[in-house]
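> from the sequence below, what's the structure:
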Amino acid sequence: MDYLDHHWKTIAALVYLFISVFDFIIIPIFMSYNFTTHSEYIHTWMPLTLRGAGLFHIAYGAILTGHVLGQSK
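Coordinates of the predicted model:
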């Protein structure tokens, strides 16, 4: 548990990076490939993290910015 208490900020940043890469790069490429082969079943990809006015990115940005500003003190 001490490891998690000490490295939670790094883990949070990596989770955010992982989610963003999947939502903006990997899934759209996969969907565009499937769209060309199964066009009647699949529609264009709308990133899940941009729904709700991008609140997901605002919240993660606040967490990571708070950490960075807290370190400078």
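> looking at the chain, which helix or strand is least sure?
helix 27-37 (a mean of 79; mean pLDDT, DSSP states H and E).
> now do the buried residues in it.
Of the residues in helix 27-37, 28, 35 count as buried by neighbour count, 16 or more other CB atoms under 10 Å. Every C-beta, even on glycine, is put in place using the N, C-alpha and C of the backbone.
> against which helices or strands is that helix packed?
Packing contacts for helix 27-37, counted by 3 or more CB pairs under 8 Å, 6 or more residues apart in numbering; DSSP states H and E, involve no helix or strand.
> could you dump it to PDB, C-alpha only?
Taking Å, rounded to 0.1, in the frame of the first residue of the first chain, the C-alpha atoms of helix 27-37 are listed here in PDB:
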ATOM      1  CA  ILE A  27     -10.300   3.000 -31.500                       C
ATOM      2  CA  PRO A  28     -10.800   5.400 -34.400                       C
ATOM      3  CA  ILE A  29      -8.300   3.400 -36.500                       C
ATOM      4  CA  PHE A  30     -10.100   0.200 -35.600                       C
ATOM      5  CA  MET A  31     -13.500   1.800 -36.300                       C
ATOM      6  CA  SER A  32     -12.400   3.200 -39.700                       C
ATOM      7  CA  TYR A  33     -11.100  -0.300 -40.700                       C
ATOM      8  CA  ASN A  34     -14.400  -1.900 -39.600                       C
ATOM      9  CA  PHE A  35     -16.400   0.900 -41.300                       C
ATOM     10  CA  THR A  36     -14.900   0.000 -44.600                       C
ATOM     11  CA  THR A  37     -15.600  -3.700 -44.300                       C
END
